[in-house]
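> got a predicted model here, sequence first, then my questions.
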Amino acid sequence: MKTYGIIGNPLGHSFSKQYFTDKFQNEKIDAQFLNFEIPSIENILDVVRDNPTLTGLCVTIPYKQEVMDYLDDIDPLAKEIGAVNSIQISRKNGKTYLKGYNTDIYGFGESLAKFIDGQKLSALILGTGGASKAVATALKNQNIEFKSVSRTRSKNTISYEDLNEEIISNHQLIINCTPLGTFPKVEACPDLDYSSLSPKHFLYDLVYNPYTTLFMKKGIEQRAKAHNGLRMLHLQAEKSWEIWNS
């Protein structure tokens, strides 16, 4: 029986185990999916060594960038982005070979296209972690201009303090790539003036637990459209499955 899994910390919020367990049951696949909540990225080596039937791994917060140092090969797109969320594991002649991919680009890009339905928008990306890099690439692929927002201003980012009414009005797609609002800390949300939102705004939250985050609720109160990250996760999970079994 093949084994698949996910590494991250924490993993209490992760949907992957349930998703793949259901998939295996529904499609009568002889496999299991395990959570590997590891305290440090170095522990990925223990996970791979101690699970000889491990064939594929999802990678989540906070290891999407750190994991790259532990791979034998990285898909050019993932290397360009600087973040990996899926690892194909192969074993031959007593050697283990780990190759990293990024399926977040595909998942986000496909779900975003359906959400905004051809509207020409400028975007704000909230957060600068591994997920934001995949989001930025997907936006470039769809010719959507964007600004990145971080807690501190830099050459390539603006700060939350810079988010005045004019900037918010001129960027009608706002994407939360931070973990703010994730269960159990559901009363958190990105720091921006939600009263500046309008019915012309689209709020996309990569968080999917809870189903409707505070970020989304505050947008809906201003009659903006809101979307969570669940569809993105389904799409990127299926893309990972395709890679693991190729």
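Right, received. Where do you want to start? Numbers count the residues shown, from 1 in each chain.

> quick one: pLDDT of the residue in the chain sticking out farthest from the centre?
Computed with CA atoms, centre = their mean, the residue of the chain farthest from its C-alpha average is residue 93, at 34.1 Å. We have a pLDDT of 92 for residue 93.

> quick one: it from residue 212, how far?
51 Å (CB to CB, to the nearest Å). Every residue, glycine included, has its C-beta placed from N, CA and C.

> which parts of stretch 127-143 are buried?
Within stretch 127-143, the residues scored as buried using 16 or more other CB atoms under 10 Å are 127, 128, 130, 131, 132, 133, 134, 135, 136, 137, 138, 139.

> dump the residue contacts of the last one.
Meaning residue 139. By CB atoms under 8 Å, 6 or more residues apart in numbering, the residues touching residue 139 are 112, 123, 125, 145, 146.

> picking up where we left off before, reformat the buried residues of stretch 127-143 as TSV; add pLDDT and distance to residue 175.
Output for the buried residues of stretch 127-143, formatted as TSV (pLDDT from 0 to 100; distance: CB to CB, whole Å):
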residue	pLDDT	distance to residue 175
127	96	9
128	91	12
130	80	14
131	87	9
132	93	8
133	90	12
134	92	11
135	96	6
136	96	9
137	95	13
138	96	10
139	97	8
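
> looking at these, which is nearest residue 22?
residue 131 (23.7 Å; CB to CB).

> strand partners of the strand or helix carrying residue 96, parallel vs antiparallel please.
Using DSSP states H and E, residue 96 maps to strand 95-101. When sheet partners are counted by DSSP bridges, strand 95-101 sits next to strand 73-74 (parallel), strand 86-92 (antiparallel).

> out of these, nearest to residue 241?
When the strands paired with strand 95-101 are compared by CB to CB, strand 86-92 sits nearest residue 241, at 9.3 Å.
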